[in-house]
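>>> coords please:
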Amino acid sequence: MNSRSSAILLAGLFGAALALPSCKPRSEAGAITSDAAEKTYVAPGKYDEFYNFVSGGFNGQVSVYGLPSGRLLKIIPVFSVFPENGYGYSEETKAMLNTSNGFVPWDDQHHLELSQTDGKPDGRWLFANANNTPRVARINLSTFKTEEILELPNSGGNHSSPFCTENTEYIVAGTRFSIPMGDKQDVPINSYKKNFHGTVSFIKVDSLSGRLQLAFQILLPGVDFDLSHAGKGPSKDWFFFSCYNTEQAHTLLEVNASQRDKDFIMAVNWKKAEQYVRDHKGALRSTPYIHNVYTEKTHSATSSTETQVTILDPTELKDFVYFIPCPKSPHGCDVDPSGEYIVGSGKLAALIPVFSYTKIQQAIAGKQFDGDYAGIPVIKYEAALYGEVQKPGLGPLHTEFDGKGNAYTSMFVSSEVVKWSLKDLKVLDRAPTYYSVGHLCIPGGDTKSPYGKYLIAYNKITKDRYLPTGPELAQSAQLYDISGDKMKMILDFPTVGEPHYGQALPAEIISKNSVKYYKIEENGNPYVTKGEKEAKVVREGNKIHVYITAIRSHFVPDNIEGVRLGDEVYFHVTNLEQDWDIPHGFAVKGAANSEILIMPGETCTLKWIPTAIGVFPIYCTDFCSALHQEMQGYVRVSPAGSNNPLLFGTNLADSGAVAKK
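Okay, the predicted model is just below:
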C-alpha cells in the first residue's frame, strides 16, 4: 500500500466514523438501564467491591477508584512531585525521582499491571510505567506507596510496559521509539534504518521482596513497540508484543509508517532467552542507569547507579524471537485466559485477527516462514491465524476477557465496545461509549481468572457528559454491567489526568493486608524522635537539624530561635500518633517547596533555606483534631553573623533551652 492509499484509508475510516451514531444519542435513557443507580449505589459506611487502579497519563501518577461507585479514593504519587503529601519534596523521597539525566519531577504514566501468582492477581504490588524518561515503578499495595523505581537504559521511551509473567517472574518493557545506541549515538536521523534499534527489557522481580533487577535486554530492529502481554497456561513461557513502523520511517509517520498492509506481533520465548543468559551467551554492555528504592524501615529512599546490562541479539542467538504479520498499526496485544488465543488489534483494520498459540508452535516446528525481517523469522500469517472477527467496528484498540468465552474490544473511531465470541469469532453485542474509547478494564480481565462482572471503558473525549471546565473537559470512565448477555452502561465518572490503562481486583484481596500505622518503636529513620523528651535542635556548621514531634495538637518544639540567613534548616518531623488515619502535615510559611504529610509513626524531613530575616510561622496542614488550627509555632531568622543563641522549646516562658552544639 502506498502513502496516498494510506491517506485515503485514514480519511475513509474517519469519514465513516462521522456517519456513525457515536455522538450524543437521540434518547440517552436508552443508554442507561433503569436499575443503574441501584447497581452502582454503595451505601454510606459500606465499601466498594473492587479497587480500580487507573493510569494518570500526563500527570505521572496513579489514581485509585472504588467500583461500582466510581468514587476517587486516592492518588498515588509515582513519577511526579506531589505537593499534597510532599512526595519528591521531602528529603526522604527526593531520591525516588533521580535518573541518569538528573532529578526529573514528571513523567507520562500509561500502563499498570498487578502482580500475579499462578496467573491470578495476588494484591501485593502494582507496577507502573514511565513513558517519557524510561522507568518502571513498583507500588506496595499494603501501604499504597511507591517503593521502587528502576530506570531503563537503551530505551527511547517505555510504552509497551509494564506487563508481567504468570508468576511475576519478570516485568517486561518495550521501547516506543527506536534510537541509536552504544558508541554511535550522534548520527543523522535519516540513517534510521542503519543505526536505530529498539529493545525490550526483562526485569526480574524478587518473589519475596518484589525488588527489581534488570536481567537482560533483547536488541531488536528499528521498529516501535506498542503493547504486550505474557502467555498463560500452555503459553506461559512466551511473551507477545505489538509493533508498528515496520517501514522504519523517521518522519511523518502518520503516512510513512502506514504504507504496508501489515505490521507485526512479536513472539518471544523468554524461557529460552533466560537460558541464554544463564549460559553467558549475551553481550555485557556498559551503560549507566539509576535504581531508586524506598525502605519502610527508615521511611526513606536511596539511589544507586547500575553500570551494566546483558544484551541478547536474536540475529545471533537463534530460535527465541519471531514475528507474526498483523494488520496495520496494531495497538493491543492481548492473551485470553486459556493462553491459547492472542488477539492483535490493527488500528487501521476492519477486522480483528486472532492467533493460535498451538498453530504458532506448529509453524515454528515446521518452519512455515515467510522469509525474515532484519534477520528475525516471520511466521506466515495463515499458519499462525486461528481466525478473524469480521466487521467488528472501526479502530480496534484493546481487548479484555470475561472468563466465559467472550472478548470485549474497544473501537476508538466508532466509539463503542464490541463483545464477541472466542469460539466462533462472531460479534455478540455492541455498546456505545461517550466518546473515543481507548483502553478497557475487566477486573482480572487479562489474567487466567477474570471476575467478569464489570467492564470499564476509559474515554479520551467527553464532550457533553459533564459540566464544562474551559477548553478542556473532564477525562472519563464508564462502567458497564457485563454479567448478562448484553452490556449495560450503569455509570459515568470523571477521572484524573488522561486515563490510559486500568487494572481492578476484588477489594478484599488488598484491604485485609492494609497497613494502618507504623510502629514508632520500629522506626529506623536516622532522624527519628521517638518521644517529646528527645526533641532537640542541633547546629552543624550552617546546617540546623530540628528533631520535632507532632501529636494532636502541638509540635515539640514549637518556638525556635537562633537561625541565621545562610543556614539550611532540616525539619525532621516524627508523627507520634499510633492510630489509623491520623497523619499530620507540616509547612513553613512562605517556603519555596511544599508541605510534607507524615503518617502515624513515620518520620519525614522538610528542607528550608530562609531568604529573609523575621519570624516565620510553622503549622500543621492536615486537619487532625478540634484544635488543629492551634497546631502551630514560630521560627525566628536573624541576620547572617548574628550572635543570637540557638534556642528551642514548647510552653516555656524563657523560649527554651540552649541546643546542644
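>>> All the strands of the stretch 51-200 of the chain, residue numbers only.
For the stretch 51-200 of the chain, strands defined by DSSP state E, counting those that start in this stretch occupy the ranges 62-67, 72-76, 98-99, 102-103, 112-117, 120-130, 135-140, 145-151, 158-164, 170-175, 179-180, 196-205.
>>> how about TSV for those, with distance to residue 285 added?
Backbone N, C-alpha and C define where each C-beta goes, glycine included. Shown next, in TSV, are the strands of the stretch 51-200 of the chain (distance: least, CB to CB, whole Å):
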stretch	distance to residue 285
strand 62-67	32
strand 72-76	33
strand 98-99	19
strand 102-103	22
strand 112-117	27
strand 120-130	22
strand 135-140	19
strand 145-151	15
strand 158-164	18
strand 170-175	15
strand 179-180	14
strand 196-205	11
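>>> Go through those and name the closest to residue 90.
strand 145-151 (12.3 Å; CB to CB).
>>> And the contacts of that closest one?
76-79, 87, 96-97, 99-100, 130, 133-140, 203, 210-212, 214, 289-294, 296 (CB atoms under 8 Å, 6 or more residues apart in numbering).
>>> Buried members of those into PyMOL, please.
The following PyMOL line selects those of the contacts of strand 145-151 that are buried, judged by 16 or more other CB atoms under 10 Å:
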select buried, resi 76+77+78+79+87+96+97+99+130+133+134+135+136+137+138+139+140+203+210+212+214+289+290+291+292+293+294+296
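>>> I'd like the strands of the stretch 51-200 of the chain laid out as JSON lines, including mean pLDDT and distance to residue 394.
Shown next, in JSON lines, are the strands of the stretch 51-200 of the chain (pLDDT from 0 to 100; distance: least, CB to CB, whole Å):
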{"stretch": "strand 62-67", "mean pLDDT": "98", "distance to residue 394": "28"}
{"stretch": "strand 72-76", "mean pLDDT": "98", "distance to residue 394": "32"}
{"stretch": "strand 98-99", "mean pLDDT": "98", "distance to residue 394": "39"}
{"stretch": "strand 102-103", "mean pLDDT": "98", "distance to residue 394": "43"}
{"stretch": "strand 112-117", "mean pLDDT": "98", "distance to residue 394": "27"}
{"stretch": "strand 120-130", "mean pLDDT": "98", "distance to residue 394": "28"}
{"stretch": "strand 135-140", "mean pLDDT": "98", "distance to residue 394": "33"}
{"stretch": "strand 145-151", "mean pLDDT": "98", "distance to residue 394": "38"}
{"stretch": "strand 158-164", "mean pLDDT": "97", "distance to residue 394": "23"}
{"stretch": "strand 170-175", "mean pLDDT": "97", "distance to residue 394": "26"}
{"stretch": "strand 179-180", "mean pLDDT": "96", "distance to residue 394": "32"}
{"stretch": "strand 196-205", "mean pLDDT": "98", "distance to residue 394": "28"}
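>>> Which of those sits closest to residue 348?
For the strands of the stretch 51-200 of the chain, proximity to residue 348 was assessed by CB to CB; strand 158-164 is nearest, at 18.4 Å.
>>> how distant is the closest one from the center of its chain?
Chain-centre distance of strand 158-164: 9 Å, with CA atoms, centre = their mean, to the nearest Å.
>>> Can you point out the buried residues in stretch 198-206?
Within stretch 198-206, the residues that count as buried by 16+ other CB under 10 Å are 198, 199, 200, 201, 202, 203, 204, 205.
>>> which stretches of this protein have low pLDDT?
Along the chain, the parts satisfying pLDDT under 70 run over 1-31, 653-661.
>>> now for the buried residues of stretch 198-206, which pair is the farthest apart?
For the buried residues of stretch 198-206, the farthest-apart pair by CB to CB is 198 and 205; their separation is 22.6 Å.
>>> Can you give me the neighbour number for residue 49?
By the criterion of other CB atoms under 10 Å, residue 49 has 18 neighbours.
>>> Pull the contacting residues for it.
Applying CB under 8 Å, 6+ apart, we find residue 49 in contact with 67, 68, 453, 506, 507.
>>> between those, which is nearest residue 33?
Nearest member of those to residue 33, counting by CB to CB, is residue 68, at 13.0 Å.
>>> ok, that closest one to residue 143 distance?
Distance check for residue 68 against residue 143: by CB to CB, to the nearest Å, it reads 25 Å.
>>> Among the two, which residue is more densely surrounded?
Each of residue 68 and residue 143 has its neighbours counted (other CB under 10 Å); residue 68 has more, 23 against 16.
>>> Just confirm the more buried one contacts residue 493, I think it does.
No - between residue 68 and residue 493 there is no contact under CB atoms under 8 Å: 9.9 Å.
>>> shared neighbours, these two?
residue 479.
>>> Return the residues in contact with the residue nearest to the spatial centre of the chain.
Centroid-nearest residue in the chain: residue 128, 2.6 Å away (criterion: CA atoms, centre = their mean). Residues in contact with residue 128 (CB under 8 Å, 6+ apart) are 55, 62, 78, 79, 109, 111, 112, 136, 137, 139, 162.
>>> Export those to a markdown table and append columns for distance to residue 512.
Listed next are the contacts of residue 128 as a markdown table, based on distance: CB to CB, whole Å:
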| residue | distance to residue 512 |
| --- | --- |
| 55 | 25 |
| 62 | 21 |
| 78 | 24 |
| 79 | 28 |
| 109 | 27 |
| 111 | 27 |
| 112 | 21 |
| 136 | 27 |
| 137 | 24 |
| 139 | 18 |
| 162 | 25 |
